[in-house]
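Engineer: Below: sequence and its predicted model.
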Amino acid sequence: MNQTKINFYLEIIRKSHDAFKEFLVHLPEGILNWELHEFANTVNWMVQHIIHDQMWIANVILNNQNEGKHFKKESKDITLEDMLETYDNLTSKTESMFQRLKDEHLTESRSYKDYLMSVEEWFFEYIHHLNQHAGELALYLTIWKREQRSSKN
């Protein structure tokens, strides 16, 4: 049986969501307010950015002009548990809403500010954004762990 194009994207999105959640679950709490250097954002900020932007891209795909998820607490006060709960809730809702899309929606245009792309291109953006920042966070974690080890010596 041939898989529809939309189901192919949904499978990649689900796997990306699962992998990112698994990564978040294993982040040590101590890393959240760490920054690579004085001009870089904290890990906490970066995770919030990922969640926020994933939601606005999802809204564009769904032709809903909402901005995305904004956290109510001060950035530094949000715990990893808060972020995981938010991420779980939002990705479940997003995946459920994406299930309603059909292959014919992939060629429809969607715009956000000055960006006009097809739904298929927005799916690529959604997947790319999540995986790009997951890789960036993995690099941050590696550097943070090295700093932790070297400070003990």
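Structural biologist: Sure thing, it's come through. Numbering: from 1, shown residues only.

Engineer: The closest residue to L101 other than its chain neighbours: helix or strand, and which one exactly?
Structural biologist: Nearest residue to L101, sequence neighbours excluded (CB to CB, 6 or more residues apart in numbering): I6, at 5.5 Å. In this view, the C-beta of every residue, glycine as well, is placed from N, C-alpha and C. Applying DSSP states H and E as the criterion places I6 in helix 5-25.

Engineer: ok, residues contacting that helix?
Structural biologist: 3, 47, 50, 80, 83-84, 87-88, 91, 95, 98-99, 101-103, 105-106, 120, 123, 126-127, 130-131, 134, 137-138 (CB atoms under 8 Å, 6 or more residues apart in numbering).

Engineer: can you check stretch 129-148 too?
Structural biologist: Against stretch 129-148 from outside (CB under 8 Å, 6+ apart): 16-17, 19-20, 23, 27, 30-31, 34, 36, 43, 46-47, 49-50, 53-54, 57.

Engineer: Give me the buried entries from those.
Structural biologist: 16-17, 20, 27, 31, 34, 36, 43, 46-47, 50, 53-54, 57 (16 or more other CB atoms under 10 Å).

Engineer: Could you save the residues you listed as a markdown table and add columns showing distance to K145, secondary structure and pLDDT?
Structural biologist: Below are the buried ones among the contacts of stretch 129-148 laid out as a markdown table (distance: CB to CB, whole Å; DSSP: H, G, I helix; E, B strand; the rest coil; pLDDT from 0 to 100):
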| residue | distance to K145 | secondary structure | pLDDT |
| --- | --- | --- | --- |
| S16 | 24 | helix | 95 |
| H17 | 25 | helix | 95 |
| F20 | 19 | helix | 95 |
| L27 | 11 | coil | 93 |
| I31 | 9 | helix | 94 |
| W34 | 11 | coil | 93 |
| L36 | 13 | coil | 90 |
| V43 | 12 | helix | 92 |
| M46 | 16 | helix | 92 |
| V47 | 17 | helix | 92 |
| I50 | 20 | helix | 92 |
| D53 | 26 | helix | 89 |
| Q54 | 26 | helix | 91 |
| I57 | 30 | helix | 91 |
